[in-house]
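Participant: give me a model of this one.
(chains A and B)
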Protein chains: 2
Amino acid sequence: MSKNLTTRSEDYSKWYNELVIKADLAENSGVRGCMVIKPYGYAIWEKMQAGLDTMFKETGHQNAYFPLFIPKSYLSKEASHVEGFAKECAVVTHYRLINAEDGSGLIVDPEAKLEEELIVRPTSETIIWDTYRRWVQSYRDLPLLINQWANVVRWEMRTRLFLRTTEFLWQEGHTAHATEQEAIDEAELILNIYADFAENHMAVPVIKGTKTESERFAGALETYCIEALMQDGKALQAGTSHFLGQNFAKAFDVKFATKEGTQEFVWATSWGVSTRLMGALIMTHSDDQGLVLPPKLAPIQVVIVPIYKGMEQLETISQKVNPLVNELRSKGITVKYDDRDTHKPGFKFNEYELKGIPIRLAIGQRDLNNDTFEVARRDTLQKETVKTADLVAKIEHLLVDIQENIYKKAHDFRDGHITDVNSYEEFKTLLESKGGFISAHWDGTSATEEKIKEETKATIRCIPINAKEESGVCMVTGKPSKQRVLFAKAY
Amino acid sequence: MSKNLTTRSEDYSKWYNELVIKADLAENSGVRGCMVIKPYGYAIWEKMQAGLDTMFKETGHQNAYFPLFIPKSYLSKEASHVEGFAKECAVVTHYRLINAEDGSGLIVDPEAKLEEELIVRPTSETIIWDTYRRWVQSYRDLPLLINQWANVVRWEMRTRLFLRTTEFLWQEGHTAHATEQEAIDEAELILNIYADFAENHMAVPVIKGTKTESERFAGALETYCIEALMQDGKALQAGTSHFLGQNFAKAFDVKFATKEGTQEFVWATSWGVSTRLMGALIMTHSDDQGLVLPPKLAPIQVVIVPIYKGMEQLETISQKVNPLVNELRSKGITVKYDDRDTHKPGFKFNEYELKGIPIRLAIGQRDLNNDTFEVARRDTLQKETVKTADLVAKIEHLLVDIQENIYKKAHDFRDGHITDVNSYEEFKTLLESKGGFISAHWDGTSATEEKIKEETKATIRCIPINAKEESGVCMVTGKPSKQRVLFAKAY
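Facilitator: Numbering: from 1, shown residues only, chains lettered A, B, ... in the order given. This next block holds a predicted model:
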């Protein structure tokens, strides 16, 4: 298998698009803006789902499922929400096709027009809060801690595999609480789960922060986010958790009887991560040889390639490999023994590099003589020869080491790309040269934020949580500022 | 918690509807025909998914994800498929809403009309085979063994929770093979997996068979099915597996180069089970007290209810319960210790009976004195007192015993409701009295099948696989027949 992969320095964007296709992760479908997630890509997404789902359940959340369709009128109930989500969406207007009388084929049956149009959910706050009205009567019914794994549709004009697609897969949590503080705590709990998952499963370092007012979720009082940095110096929002106040409770009339017998509106959060995380994963670690996967999310952690001439030698090698495979599997390590005789070892080496398998073992005649295997790690591409007796321990160690190493590498890159600047000129120069996160003072107004965005395409990615207070002046207007915020161009 | 559940003998249909609501499994939503699957119902569905997913993967299948939308023209490509599926479906015609100029609210933007309408998938053969054309070039690319977990929409006029809903969740497998025999073997492999899952996880006995031509999936050459019998004597189709021949390969031009270098069309199967299985599960086992769940699918297998006066006594009980909870969990048994002080034991007993928790433990002062627990099993409602030292072994044994017992009970009921009849008069009488499966001779024509359906509402549920050959005459036309087939009224 020849890779023919454009390099990152040649054209980062092209490199990404090619890599997604060549590593068999996803491809465009015949439906504009909708992707097909291929088995290898989906296997990674399943590992992400499993990791997150466990974390949600360990913190008391339950899964449920709400309708795909949202009646048009629901969208209008929360004023700012409708502005954000009722724009570009898929609208179901009819419920039947018929054969055209002139024999020209299938047409929409004009008789089967819906009285009220249905919107394919772009997010589910409205349909869920319409349901919660029936579920919540008393403080005893709270909190509701519910998540759903679902597909959603946002009619995007410009799409890119995983990063921005018309249909995507995600989880969306929707919780209801008796008090404001409890809802804020929930939004922050989830932010920490997202950060933990990004860093410890995906090996993607993230900065936790809050969004400015203009970047907030439509309908939220506060949007918490995790922001990652890609190798081209652009930021990627990897997850958001929203404190919604009582906006949706008021819009859908969801009240509860308190212990004291009064009626109060419920407090809400919502939060989500999507198949966009696949884009973050791919762009954070991969290199010009292909995908690099963290061992914790790799569908196959170890691949074994025999180097042989003739079936007799293959048989000898297999006798050595089979017990190793069993031992690794008994330790919960996923292993593939690729003894296909339709492809040469060089082809297989290329394929597994492209697909980011963390550890590749090879064994040929010299290894048989010496009772060894060749061990190659994908992250550094280093190879070494290891005695069979030491191999399992070596692999266990390497899986941990690769996970840590790619995190450290990404972390070093990220930290090397956070730059303090104090003037707008410096800001513009740096943005076009080094890129990355630029830490600068800002006067706190949407007007200034908008001006910067228009002039430079950079947005405020977040107001970092726990950042040190520092008096300064806005780099654009010279007005006072108490804290630096992080700017970047973003996906 | 008072149950107030209609009994099965009073009104079976009402009993079912009430049970689904009262046991917190699902409810209707604000969107016509679409249900909300509540956390408790979804937890059962997740266990079903996990069981099936493991079985699929163990037999070499991989998951992937294909678009929600299908361009209208795709549906027309396979002639019989379009007749079956292009009728009642959700049609997306526009991609934007705007605010009406008269301020009356959101309206569909007439400027945002799609050039080609998109159908929300009722099933995915067409979009998937459009994709497979790109994936299959050579015999080396085959077989493709792919499954997806997804939502689908069929515009149903009369809906019932889980049994028939406009949107439902399912898995759909779509495989591509080099030879006819391999595709038939695959369809049969899946049929056996479905039957295994129904019987050994759901404890629902099923009959394996093939559908008659008129009951086949639109586009299939053969439809295999598993049929279950509900307590009201009506049958329920619980899963289907289709041998599609080369119909979709020809419609979407999917050819492969054989080893010999010729070009051949690919052979196909598709197969699916849906949230309808929830309906089968509920209706097979449950009784007038509520849900009865097989231990293998119960989200909570054991519930423990303390019977106490005052916090001090609760504390004493908890000291005895906590180590038990830990020991059961260490054995992989899911346990809930319900020490809520907001509800009385009687309320809790009712609630857990209604929700079908297989085993309920209770512990009060007398049990403390005697070092015992009261053990109640949900299937038979029998109670006994068990020494604490014997409790874990007792529970492990009971979980197996309940799983087997409810299967046996359903199996006995089913076998007691398969009746051979030899005349159409007898057939009609039996159908209206005892119901169940009626085994009768049929002349093999769609005309006779249709006549019986019109006159009695009974359909041929299946032609049983491996049934003994038996010469006879069709009960309606008197024409010769080689094998009895199974008729029933069905969900």
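Participant: and chain B, is the helix or strand where A:A43 lies touching that?
Facilitator: Taking DSSP states H and E as the criterion, A:A43 maps to helix A:39-58. Yes - Helix A:39-58 reaches chain B (Cβ under 8 Å from any Cβ of the partner chain) through A:P39, A:Y42, A:A43, A:W45, A:E46. (Glycine included, C-beta is placed from N, CA and C.)
Participant: same question, stretch A:291-308
Facilitator: No - using Cβ under 8 Å from any Cβ, stretch A:291-308 stays clear of chain B, with a minimum separation of 9.4 Å.
Participant: and the end-to-end length of that stretch?
Facilitator: The first and last residues of stretch A:291-308 sit 27 Å apart, counting by Cα to Cα, to the nearest Å.
Participant: could you do stretch A:368-385 as well?
Facilitator: Stretch A:368-385: ends 12 Å apart by Cα to Cα.
Participant: bridged to A:I463, which residues?
Facilitator: With DSSP bridges as the criterion, A:I463 is bridged to A:T210.
Participant: so for it, what's the pLDDT?
Facilitator: Turning to A:I463, the model gives it a pLDDT of 97.
Participant: how close does it sit to A:K482?
Facilitator: 10 Å (Cβ to Cβ, to the nearest Å).
Participant: and if you look at A:N322?
Facilitator: 64 Å.
Participant: list the buried residues for stretch A:77-89?
Facilitator: Buried residues in stretch A:77-89, counted by 16 or more other Cβ atoms under 10 Å in any protein chain shown: A:K77, A:E78, A:H81, A:V82, A:G84, A:F85, A:A86, A:K87, A:E88, A:C89.
Participant: got a list of what A:A43 touches?
Facilitator: Each residue near A:A43 by Cβ atoms under 8 Å, 6 or more residues apart in numbering or on different chains is listed here: A:P299, B:Q62, B:N63.
Participant: ok, and the closest non-adjacent residue to the second one?
Facilitator: Closest residue in space to B:Q62, ignoring its immediate chain neighbours: A:P39 at 3.8 Å, by Cβ to Cβ, 6 or more residues apart in numbering or on different chains.
Participant: do the first one as well
Facilitator: Nearest residue to A:P299 in three dimensions, chain neighbours excluded: A:A43, at 3.7 Å (Cβ to Cβ, 6+ apart).
Participant: so who does the closest residue to chain B within the stretch 251-400 of chain A touch?
Facilitator: Chain B sits closest to A:T342 of the stretch 251-400 of chain A, with a gap of 6.2 Å, by Cβ to the nearest Cβ. By Cβ under 8 Å, 6+ apart, the contact set of A:T342 is B:R140.
Participant: so A:D232, which state does it fall into?
Facilitator: coil (DSSP: H, G, I helix; E, B strand; the rest coil).
Participant: gap between it and B:E470?
Facilitator: In terms of Cβ to Cβ, A:D232 sits 73 Å off from B:E470.
Participant: same check, this time on A:A203
Facilitator: A:A203 is 65 Å from B:E470, by Cβ to Cβ.
Participant: same drill for these two, tell me which one is more crowded.
Facilitator: Set A:A203 next to B:E470 and count neighbours by other Cβ atoms under 10 Å in any protein chain shown: A:A203 wins out with 27 against 12.
Participant: check what pLDDT that one gets.
Facilitator: Taking A:A203 on its own, its pLDDT is 98.
Participant: so how far is A:Y74 from it?
Facilitator: In terms of Cβ to Cβ, A:A203 sits 40 Å off from A:Y74.
Participant: quick one on the thing from earlier: which helix or which strand is home to the residue of the stretch 251-400 of chain A closest to chain B?
Facilitator: Going by DSSP H and E, A:T342 is not part of any helix or strand.
Participant: would you list the phi and psi of it?
Facilitator: phi -90, psi -10 (degrees, to the nearest 10).
Participant: next one: the one 4 residues further on
Facilitator: According to degrees, to the nearest 10, the main-chain angles of A:G346 amount to phi -60, psi -40.
Participant: tally of neighbours for it?
Facilitator: Neighbour tally, A:G346, other Cβ under 10 Å: 12.
Participant: ok, now which ones touch it?
Facilitator: Going by Cβ under 8 Å, 6+ apart, the list of residues near A:G346 is empty.
Participant: low-confidence regions, chain A specifically.
Facilitator: A:1-2, A:86 (pLDDT under 70).
Participant: okay, helices next: where are they in it?
Facilitator: A:12-22, A:39-58, A:72-75, A:79-85, A:125-135, A:180-200, A:247-251, A:276-285, A:310-330, A:345-354, A:365-370, A:391-415, A:424-432, A:446-456 (DSSP state H).
Participant: tell me which of the ones you listed is the most buried.
Facilitator: Of all these, helix A:276-285 carries the top mean neighbour count, a mean of 25, counting by mean count of other Cβ atoms under 10 Å in any protein chain shown.
Participant: for that helix, which helices and strands make contact with it?
Facilitator: helix A:12-22, helix A:39-58, strand A:235-245, helix A:391-415 (3 or more Cβ pairs under 8 Å, 6 or more residues apart in numbering or on different chains; DSSP states H and E).
Participant: want to throw those into CSV with distance to B:I193?
Facilitator: Converted to CSV, those look like this (distance: least, Cβ to Cβ, whole Å):
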stretch, distance to B:I193
helix A:12-22, 32
helix A:39-58, 19
strand A:235-245, 36
helix A:391-415, 33
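Participant: ok, now which ones touch the closest residue to A:K479 other than its chain neighbours?
Facilitator: Take A:K479 and drop its neighbours on the chain: the residue closest to it by Cβ to Cβ, 6+ apart is A:D443, 3.9 Å away. By Cβ under 8 Å, 6+ apart, the contact set of A:D443 is A:C474, A:V476, A:T477, A:K479, A:P480, A:S481.
Participant: just these: which are in strands?
Facilitator: A:P480, A:S481 (DSSP state E).
Participant: going through the contacts of A:D443, which ones are buried?
Facilitator: Buried by 16+ other Cβ under 10 Å: A:C474, A:V476, A:T477, A:S481, out of those.
Participant: between the residues you listed, which sits nearest B:K259?
Facilitator: When the buried ones among the contacts of A:D443 are ranked by distance to B:K259 (Cβ to Cβ), A:V476 comes first, at 68.6 Å.
Participant: is it true that the closest one touches A:K451?
Facilitator: Yes - using Cβ atoms under 8 Å, A:V476 makes contact with A:K451 at a distance of 6.5 Å.
Participant: follow-up on the earlier one: the helices of chain A into TSV, with extra columns for distance to A:S214?
Facilitator: Listed next are those as TSV, based on distance: least, Cβ to Cβ, whole Å:
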stretch	distance to A:S214
helix A:12-22	26
helix A:39-58	28
helix A:72-75	21
helix A:79-85	11
helix A:125-135	20
helix A:180-200	19
helix A:247-251	17
helix A:276-285	21
helix A:310-330	51
helix A:345-354	41
helix A:365-370	61
helix A:391-415	25
helix A:424-432	19
helix A:446-456	5
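Participant: so which of the ones you listed comes closest to A:T166?
Facilitator: helix A:276-285 (13.1 Å).
Participant: how far does that closest one sit from its chain's centre?
Facilitator: Counting by Cα atoms, centre = their mean, to the nearest Å, helix A:276-285 is centred 7 Å from the centre of its parent chain.
Participant: could you export that helix as CSV, CA atoms only?
Facilitator: In CSV, the C-alpha atoms belonging to helix A:276-285 read as follows (Å, rounded to 0.1, in the frame of the first residue of the first chain):
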residue,chain,number,x,y,z
ARG,A,276,-16.1,16.5,15.7
LEU,A,277,-13.9,14.9,18.4
MET,A,278,-12.7,12.6,15.6
GLY,A,279,-11.4,15.6,13.8
ALA,A,280,-9.6,16.8,16.9
LEU,A,281,-8.1,13.4,17.5
ILE,A,282,-6.8,13.1,14.0
MET,A,283,-5.4,16.6,13.7
THR,A,284,-3.7,16.6,17.1
HIS,A,285,-1.5,13.5,16.8
